[in-house]
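>>> no sequence on this one, just coordinates:
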Ligand code: FES
């Protein structure tokens, strides 16, 4: 297996690189900085070791949190809230990227144990839009709050980002099911100018009108399907010569879609939403680790080939 397919760090070469992991010799990208003393990153435009050597007298650049006002909060389904939050421009300018997410916590719960990773649904004029299901102490506090701490930006909400970022003249198919559908808006924005985009939404799950309407307005073709009858998905991929599939759903559905895609042509590019557990989002706590070829890989920071991720061992 090509090593770089498994462990590309989403932050490498960006504003938050080198991060605390590099400073503690736990870098997920640079083997010179994780005690293996072997230079084999296959140059990707940055030498993290060299950057660290230039910066090590300084502290790593860490993500900031901002106290932000909620400008709209509406319950769109039982215990599901669409929230619009006014955030500073220095944060919003990085959240247009497909797969971006933030950590939210209520103003009243200003302790990091309340940090909750939430996908960015959309970002316009410094207004951050998110959808939150209120299920536990963290999310219940968020939906009741009038101000929130917003920390970010984080980027690894999708595996196979390169497929999306590099797509050109491609026939793309997005398959959306459940709350993961919210991160499709930025994917459509990225693809729509240079590709055909067909979006299939599971009619047997939650339907969020705001998501559907935005996708329609962007010019994508919308279809509905029933998760219990996936022949329509198989037929569409086959008949339309689809070259890129993006599945935003839970692990079980992503595996089913992978199997359908591979049964047609296993060279079709496959990207999926990252629905794995995320706690710190910084590679520090280990909560998101999965096992690939006997090695623990931190999914909050590692860009992993979607097919390899789906075959990994989960805790
Ligand atoms: S969420 Fe903490 S290491 Fe990934």
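Cool, got the structure. The model shown is predicted, which means the values in this text are computed figures rather than measured ones.
>>> for the closest residue to residue 203 other than its chain neighbours, list each beta-bridge partner.
In space, and not counting its chain neighbours, residue 203 is closest to residue 224: 4.2 Å by C-beta to C-beta, 6 or more residues apart in numbering. The way it works is simple: take the backbone N, C-alpha and C, and place the C-beta from them, glycine included. With DSSP bridges as the criterion, the beta-bridge partners of residue 224 are residue 201.
>>> can you pull the contacts of residue 224?
200, 201, 202, 203 (C-beta atoms under 8 Å, 6 or more residues apart in numbering).
>>> mind checking which of those residues are buried?
200, 201, 202 (16 or more other C-beta atoms under 10 Å).
>>> quick one: the residues you listed as CSV, columns for distance to residue 15 too.
Output for those, formatted as CSV (distance: C-beta to C-beta, whole Å):
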residue, distance to residue 15
200, 35
201, 34
202, 36
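>>> quick one: which of those residues is nearest to residue 114?
residue 202 (31.0 Å; C-beta to C-beta).
>>> correct me if wrong: the closest one contacts residue 225.
Yes. Using C-beta atoms under 8 Å, residue 202 is in contact with residue 225, at 6.3 Å.
>>> any idea which element residue 222 lies in?
Following DSSP states H and E, one finds residue 222 within strand 221-225.
>>> do residue 272 as well
Counting by DSSP H and E, residue 272 is found in strand 269-273.
>>> how about the next helix or strand after that strand, which residues are buried there?
Counting by DSSP H and E, the next helix or strand C-terminal to strand 269-273 is strand 289-292. Neighbour counts over strand 289-292 (16+ other C-beta under 10 Å) mark 289, 290, 292 as buried.
>>> and for stretch 205-218?
Buried residues in stretch 205-218, counted by 16+ other C-beta under 10 Å: 205, 206, 208, 210, 211, 212, 214, 215.
>>> likewise stretch 42-54?
46, 48, 49, 51, 52.
>>> contacts for it, please.
Under the contact criterion C-beta under 8 Å, 6+ apart, stretch 42-54 has outside partners 3-4, 8, 12-13, 17-18, 22-23, 27, 29-30, 32-33, 39, 41.
>>> pLDDT on it, on average?
Here stretch 42-54 scores 85 as its mean pLDDT.
>>> how far does it sit from its chain's centre?
25 Å (C-alpha atoms, centre = their mean, to the nearest Å).
>>> got the end-to-end distance for it?
Chord length of stretch 42-54, first to last residue, is 21 Å (C-alpha to C-alpha, to the nearest Å).
>>> let's have the chain start at 24 instead
With 24 as the first residue, the last one maps to stretch 65-77.
>>> so which elements touch the lengthiest strand in the chain?
Assignment by DSSP state E gives strand 87-100 as the longest strand of the chain. Under the contact definition 3 or more C-beta pairs under 8 Å, 6 or more residues apart in numbering; DSSP states H and E, strand 87-100 sits against strand 103-109, strand 150-156, strand 170-177.
>>> highest average neighbour count across those strands?
strand 170-177 (a mean of 23; mean count of other C-beta atoms under 10 Å).
>>> which ones are touching the residue nearest to residue 145 when sequence neighbours are not counted?
Spatial nearest neighbour of residue 145, excluding adjacent residues (C-beta to C-beta, 6+ apart): residue 152 at 4.4 Å. Contact analysis of residue 152 by C-beta under 8 Å, 6+ apart lists 105, 106, 107, 108, 143, 144, 145, 146, 233.
>>> please state the offset of whichever strand or helix holds residue 74 from the chain centre?
In the assignment (DSSP H and E), residue 74 maps to helix 71-78. Averaging C-alpha positions (C-alpha atoms, centre = their mean) puts helix 71-78 27 Å from its chain's average.
>>> do the same with stretch 220-233
Stretch 220-233 has its average C-alpha position 18 Å from the chain's average C-alpha position, going by C-alpha atoms, centre = their mean.
>>> follow-up on the earlier one: check which helices and strands the strand holding residue 295 is in contact with.
strand 181-182, helix 184-189, strand 267-271, helix 274-287, helix 329-333.
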